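**Student:** A structural model of the following input is requested.
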Amino acid sequence: MSPMIIGSIGVGLLLVAFALNLLKILSASSPIYLILNIIGSLMAAWYAYAGDIHPFVILEIVWAMTAFVRLVIVVRKPQNQLR
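**Tutor:** The predicted structure follows:
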């Protein structure tokens, strides 16, 4: 699969997550929202790496790590304790 297709799918996943959050369909603490962010940002990072765009690789990796840490927190805490 070409880097352009992977990057486009990744950015598409990020935009879907963002739109669903804005429409209040998914909360920022929703595991689905966080998984969309993790997968989307890793795909976008791969595209940026393939294009030799290192600042965006760093941005997307940090984005994925942040979403992953939040996902771990969400999964470990009972629903009533989330902020």
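**Student:** Run the chain-centre distance for whichever strand or helix holds residue 45.
**Tutor:** Per DSSP states H and E: residue 45 is located in helix 31-50. Relative to its chain's centre, helix 31-50 lies at 5 Å (Cα atoms, centre = their mean, to the nearest Å).
**Student:** Need the mean per-residue confidence for that helix.
**Tutor:** Mean per-residue pLDDT for helix 31-50: 97.
**Student:** quick one: buried residues of the helix or strand just after it?
**Tutor:** Counting by DSSP H and E, the next helix or strand C-terminal to helix 31-50 is helix 54-76. By 16 or more other Cβ atoms under 10 Å, the buried positions in helix 54-76 come out as 56, 57, 60, 61, 63, 64, 67, 68, 70, 71, 74. No exception for glycine: its C-beta is placed from N, CA and C like everyone else's.
**Student:** orientation of helix 54-76 relative to helix 31-50 in degrees?
**Tutor:** Helix 54-76 runs at 160 degrees relative to helix 31-50, counting by axes from the mean of the first three to the mean of the last three Cα atoms, to 10 degrees.
**Student:** what about the residue lying closest to residue 50 once chain neighbours are set aside, neighbour count?
**Tutor:** Nearest non-adjacent residue to residue 50, counting by Cβ to Cβ, 6 or more residues apart in numbering: residue 3, 3.8 Å away. Residues contacting residue 3 under the criterion other Cβ atoms under 10 Å number 14.
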